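Enquirer: Build me a structure from this.
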Amino acid sequence: MPLYKLEDFDPQYRQTFNGEDVKSMDLYTEGGNPIGKVADALVDNEGRFRYLVIDTGVENLSKQILLPIGLSRIDYNAQRVYVDGLSKTQVDHLPVYNESIVVDYDYEEQVRGVYRQEPPSQSTDRNTYNYQQEPSLYNLSDQNHQTFKLYEERLIASKSRVKTGEVAVSKHIETETATVSVPITKERVVIERSTPSTIGQIVTPSETDFQSGEVARIELYEEKPEFHKETFVREEVRVTKVVDQDTVEAQETIRREELDINTEGNPTMTSDSTSVDNSI
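Expert: Sure, this is the predicted structure:
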């Protein structure tokens, strides 16, 4: 069965494990002694952990090896990986691991041969071998691998925009009667008749000018008012929105889980700020 480095199999594995990263954890013995660091993890084609890639520091022996996942205890709260009984002899006999090595059946058999405490109960034929045949090496579900987390609630404030109303601005037309006056002029003819001072004097025939018909023409004019309407800007209206700031406070009851530890006898207990480790 092919194996894959954790990030090659799932580039978003940190999100898959809720932000946890086993590759950042240090390796300790169950007694609390540092013996190395987790460099990577190998998973099968179904995403199950099969090996941790370890940079060892056992008795100043620096070497990168594979550790079957069933031999480890991952403590996400303490950000540590614990292993019981990884000896210098085992590290000496384990094959070196690096990224250029193909982890095939033969390579895995070399690794398993170093870690096996007793022969497997079933055949280890390369064509029929299954990781479930050796749960002590590959099983993560036993009691030594149980982890749990304590949760607490937090009151989170967020905002959303809701429509509270609207304002519509429109126009309508009002009418009124306007009065305007303009002076005009009219022409008229005034005919005045008077008695000359020479009345009674004899007029010579040469001065006599009797005639009939039209003797004078005068044109009369008057001004006629004309009215029209013009449109002009009377007022300007500007419509804008302004944002007012306000602070809203809320109170809510939130819950937090606390750890209760019940012991029997006189167990030795060690603890740090993030985890509690019980050993008998």
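
Enquirer: make it CA atoms for all contacts and neighbour counts henceforth
Expert: OK.

Enquirer: So what touches stretch 168-187?
Expert: Judged by Cα atoms under 8 Å, 6 or more residues apart in numbering, the contacts made with stretch 168-187 from elsewhere in the structure are Leu220, Tyr221, Glu222, Glu223, Lys224, Pro225.

Enquirer: what's the average pLDDT for it?
Expert: Stretch 168-187 carries an average pLDDT of 90.

Enquirer: how about it: buried residues?
Expert: In terms of neighbour count (16 or more other Cα atoms under 10 Å), stretch 168-187 has no buried residues at all.

Enquirer: In PDB, could you pull the C-alpha coordinates for that stretch?
Expert: Taking C-alpha atoms only, stretch 168-187 is exported to PDB below (Å, rounded to 0.1, in the frame of the first residue of the first chain):
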ATOM      1  CA  ALA A 168     -38.200  59.000  -1.000                       C
ATOM      2  CA  VAL A 169     -37.800  62.500  -2.300                       C
ATOM      3  CA  SER A 170     -40.200  63.600  -5.200                       C
ATOM      4  CA  LYS A 171     -41.500  66.700  -6.800                       C
ATOM      5  CA  HIS A 172     -45.000  68.000  -7.500                       C
ATOM      6  CA  ILE A 173     -46.300  71.000  -9.300                       C
ATOM      7  CA  GLU A 174     -48.300  73.800  -7.700                       C
ATOM      8  CA  THR A 175     -50.100  76.500  -9.700                       C
ATOM      9  CA  GLU A 176     -50.900  80.100  -8.800                       C
ATOM     10  CA  THR A 177     -52.100  83.200 -10.600                       C
ATOM     11  CA  ALA A 178     -49.400  85.800 -11.200                       C
ATOM     12  CA  THR A 179     -50.100  89.400 -12.200                       C
ATOM     13  CA  VAL A 180     -47.700  91.600 -14.100                       C
ATOM     14  CA  SER A 181     -48.400  95.100 -15.500                       C
ATOM     15  CA  VAL A 182     -46.700  96.900 -18.300                       C
ATOM     16  CA  PRO A 183     -47.500 100.500 -19.500                       C
ATOM     17  CA  ILE A 184     -48.500 100.900 -23.100                       C
ATOM     18  CA  THR A 185     -49.200 103.900 -25.400                       C
ATOM     19  CA  LYS A 186     -52.000 104.600 -27.800                       C
ATOM     20  CA  GLU A 187     -52.100 107.300 -30.500                       C
END
